[in-house]
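S.K.: structure, please.
(chains A and B)
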Amino acid sequence: MKHLRPQEHWGWIIAIYLYLAGMGAGSYIIGAIINWFIHPSRVVLIRGLALDPAKAALLWGPILVAIGAPFLVLDLGIKKRFLYACLNPRTSWVARGFLILSIFIVFGLILLAKSVLPFGWLHAESDLWYIPEVIAIAFAFGTAIYTGILLKATKSIPLWNTYLLPLLFLVSALSTGSMAIILSTLGTGLFSHDAGALEVLISGEQILVVIEGIVLYLYLSRRYRVSEQGKDSVRLLLFGKKKLIFWGGIVLLGFIFPFVLETIAAFSHGNVVLIFVSGLTLLCGGFFLRLGVLSAGIKEQIPMQRWTEFQYDLKAINTKDLPGN
Amino acid sequence: MEERVLVVDQQKCTGCRQCELVCSVYHTGSSNPSRSRIKVVKWEHAGIYLPLICNHCEKAYCLEVCPTKACHREPELNNRVVIDKKLCIGCKTCIMACPFSHPFFDIKEQVTVKCDYCDGDPQCVAFCYAKALFFTDADKIQMSKKREAANKFLESLKQIR
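M.R.: Residues are numbered from 1 along each chain as shown, chains lettered A, B, ... in the order given. Down below sits the predicted model:
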């Protein structure tokens, strides 16, 4: 295999940012839908305050996004200028993302506080609360899709320049998000296996994993055919230096382990340990998916360089002197 | 005012990298080609050298993706696309977006930098002894390219006859 050099500007820090933003948004979408239709509640008295930790387990997504956002700041050259990142939302997806994530975090945290804490004066049962809830869900979807669009906006990297990437990251966000909810409620009895609630959640999770696998296949097969650099990126991910991330991290941890362990757990009356392990592996798989896609991105060849090689019929390419490599 | 552009005659480039050196001295005060705004790609085995410069594109991706508007166009100064160091946050989005791999991340300053035509007097042009770099009127270079294409066409016609 020829020497392939992917981009090195965005690495594991951005992967963590994309992962936490996606997982947080996905978990909020699933949690809010469950909260709408099932209304699970378990009020606990702590120092005289009636708190509802069941809601916290469902709606803690914005906290994950709020933890992930500083990783983007960490990757900046001049970190103290991070507030400048919202100055150009007209054309820049980084600026748009800054605003989308900020709105989601603010609305999500307000709704989380309202649901968990005993603020009677807020009239938690009022129908008016549906408005911020719908806004929060819309921005949660926006956050999950944005993580893919941010990469898609980089047109010179064929591996990223496709609408299948935001779709892949959205499905992965829902899959990891629903697993985050299963893990956060595991052992609390909120969704018991006997009542069938846990079974439904895990079945939904398995369906998402299968859909994610199909989208990943479509994504990679299309990228393989799109251009020479797209082909090189897929080869780098599947058979090159990044193959451990793909086969070990994405395929084994993200797809095979969770699917098999969840199936075994379904036949063993919802074995908590099996579900816990499958959950952890799936969450790791979600991170490796972002890391793999990021680290295998190879830029299109510079047009002048391609033209020169064509003009002089230069077969062997010395890429080490190229800018950006 | 006539718009001027930086043009490369790749066939004249000897790969001496003087342009990289003077660019870094002019912009950073240090003779460090890794901080230069021009890069020379080399095919050593074939003896071919290609200086890569910013094209200050009409539809500049670096300008579109910049979240802070640090990357902006200055129509009054040869329509150049430049990065305001005071606004740049070093997110590297412009580096990822540019199909010509042009903006560079300056490790020392922690911001992205790019060619600014040295405020109208490009040092790479002034110091290129092989005359492989020109800073010329945009219209003239269009004419010379057309003339070159016409000459090639004429030569091929002669060969056929």
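S.K.: let me see the backbone angles for B:Thr112.
M.R.: phi -90, psi 140 (degrees, to the nearest 10).
S.K.: was I right about it contacting B:Asp84?
M.R.: No - at 10.6 Å, B:Thr112 does not count as touching B:Asp84 under the criterion of C-beta atoms under 8 Å. All C-beta atoms are positioned from the backbone trio N, CA, C, and that covers glycine.
S.K.: the more surrounded of those two?
M.R.: Just comparing B:Thr112 and B:Asp84: by other C-beta atoms under 10 Å in any protein chain shown the higher neighbour count belongs to B:Thr112, 27 against 13.
S.K.: contacting residues for the nearest residue to the more buried one once chain neighbours are set aside?
M.R.: Counting by C-beta to C-beta, 6 or more residues apart in numbering or on different chains, B:Thr112 lies nearest to B:Pro103, which is 4.7 Å off, once chain neighbours are set aside. Applying C-beta atoms under 8 Å, 6 or more residues apart in numbering or on different chains, one finds that B:Pro103 lies in contact with B:Cys54, B:Cys62, B:Cys71, B:Ile83, B:Cys94, B:Ile95, B:Thr112, B:Val113, B:Lys114.
S.K.: what do you get if the cut-off is 7 Å, keeping everything else the same?
M.R.: Shown in contact with B:Pro103 (C-beta atoms under 7 Å, 6 or more residues apart in numbering or on different chains): B:Cys62, B:Ile83, B:Cys94, B:Ile95, B:Thr112, B:Val113, B:Lys114.
S.K.: quick check, pLDDT for A:Lys315.
M.R.: Reading off the confidence values, A:Lys315 has pLDDT 56.
S.K.: sorry, wrong one. I was asking about A:Lys2.
M.R.: The model's pLDDT for A:Lys2 equals 58.
S.K.: what lies in contact with stretch A:16-28?
M.R.: If you take C-beta under 7 Å, 6+ apart as the criterion, stretch A:16-28 is touched by A:59, A:61-62, A:64-65, A:67-68, A:71-72, A:101, A:104, A:108, A:136, A:140, A:143-144, A:147, A:169, A:172-174, A:176-178, A:180-181, A:286-287, A:290.
S.K.: since we're on A:Phe267, how many residues are nearby?
M.R.: The burial count for A:Phe267: 9, using other C-beta under 10 Å.
S.K.: check A:Glu125 too.
M.R.: 6.
S.K.: list the contacts of it.
M.R.: A:Glu125 neighbours (C-beta under 7 Å, 6+ apart): none.
S.K.: does chain A sit close to the lowest-mean-pLDDT helix or strand in chain B?
M.R.: Lowest mean confidence among the helices and strands of chain B (mean pLDDT, DSSP states H and E): helix B:138-160, at a mean of 75. No - shown here: helix B:138-160 not in contact with chain A (C-beta under 7 Å from any C-beta of the partner chain), separated by at least 12.5 Å.
S.K.: A:Gly177 versus B:Lys85, what's the distance?
M.R.: Distance, B:Lys85 to A:Gly177, using C-beta to C-beta, to the nearest Å: 40 Å.
S.K.: tell me which of those two has more neighbours.
M.R.: The neighbour count for B:Lys85 versus A:Gly177, taken as other C-beta under 10 Å, is higher for A:Gly177 (28 against 15).
S.K.: nearest residue to that one in space, please, no chain neighbours.
M.R.: A:Gly26 (2.4 Å).
S.K.: helix or strand: which one has residue 72?
M.R.: This is for chain A. helix A:61-74 (DSSP states H and E).
S.K.: let me rephrase: I mean chain B.
M.R.: In the assignment (DSSP H and E), B:His72 maps to strand B:71-74.
S.K.: and that strand, what does it pack against?
M.R.: Identification of packing neighbours for strand B:71-74 by 3 or more C-beta pairs under 7 Å, 6 or more residues apart in numbering or on different chains; DSSP states H and E yields helix B:61-65, strand B:80-83.
S.K.: dump these into CSV; add mean neighbour count, distance to A:Tyr163 and mean pLDDT as well.
M.R.: As requested, the helices and strands packed on strand B:71-74 are arranged in CSV below (neighbours: other C-beta atoms under 10 Å in any protein chain shown; distance: least, C-beta to C-beta, whole Å; pLDDT from 0 to 100):
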stretch, mean neighbour count, distance to A:Tyr163, mean pLDDT
helix B:61-65, 22, 18, 93
strand B:80-83, 22, 28, 94
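S.K.: so which of those is nearest chain A?
M.R.: Smallest distance to chain A across the helices and strands packed on strand B:71-74 (C-beta to the nearest C-beta): 4.5 Å, for helix B:61-65.
S.K.: which residues does that closest one contact?
M.R.: A:91-93, A:153, A:155, B:71-73, B:81, B:93-94, B:97-99, B:103.
S.K.: quick revisit: need the contact partners of the strand holding B:His72.
M.R.: With C-beta under 7 Å, 6+ apart, strand B:71-74 has contacts from B:Cys62, B:Leu63, B:Asn79, B:Arg80, B:Val81, B:Val82, B:Ile83, B:Asp84, B:Cys94.
S.K.: ok, it: who's next to it in the sheet?
M.R.: strand B:80-83 (antiparallel) (DSSP bridges).
S.K.: what does the strand it pairs with rub up against?
M.R.: If you take C-beta under 7 Å, 6+ apart as the criterion, strand B:80-83 is touched by B:56, B:60, B:62-63, B:70-74, B:103, B:112-114, B:116-117.
S.K.: circling back to that earlier point, quick one, the helix or strand containing the residue nearest to A:Gly177 and helix A:61-74 angle?
M.R.: According to DSSP H and E, A:Gly26 maps onto helix A:12-37. In terms of direction (axes from the mean of the first three to the mean of the last three C-alpha atoms, to 10 degrees), helix A:12-37 departs from helix A:61-74 by 160 degrees.
S.K.: element containing A:Asn161?
M.R.: Counting by DSSP H and E, A:Asn161 is part of no helix or strand.
S.K.: count of neighbours near it?
M.R.: 19.
S.K.: which of the three states applies to the closest residue to it other than its chain neighbours?
M.R.: Nearest non-adjacent residue to A:Asn161, counting by C-beta to C-beta, 6+ apart: A:Lys155, 5.2 Å away. Secondary structure assignment for A:Lys155 (DSSP: H, G, I helix; E, B strand; the rest coil): coil.
S.K.: B:Glu3 reaches B:Leu77, doesn't it?
M.R.: No - in this structure B:Glu3 lies outside contact range of B:Leu77 using C-beta atoms under 7 Å: 9.7 Å.
S.K.: any idea how far A:Arg47 is from B:Arg35?
M.R.: 59 Å.
S.K.: so can I have a markdown table of the helices and strands packed on strand B:71-74 showing distance to B:Lys131?
M.R.: Formatted as a markdown table, the helices and strands packed on strand B:71-74 follow (distance: least, C-beta to C-beta, whole Å):
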| stretch | distance to B:Lys131 |
| --- | --- |
| helix B:61-65 | 29 |
| strand B:80-83 | 22 |
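S.K.: tell me the SS of the residue in chain B that chain A sits nearest to?
M.R.: Residue of chain B nearest chain A, by C-beta to the nearest C-beta: B:Gly90 (1.7 Å). Following three-state DSSP, B:Gly90 is assigned to coil.
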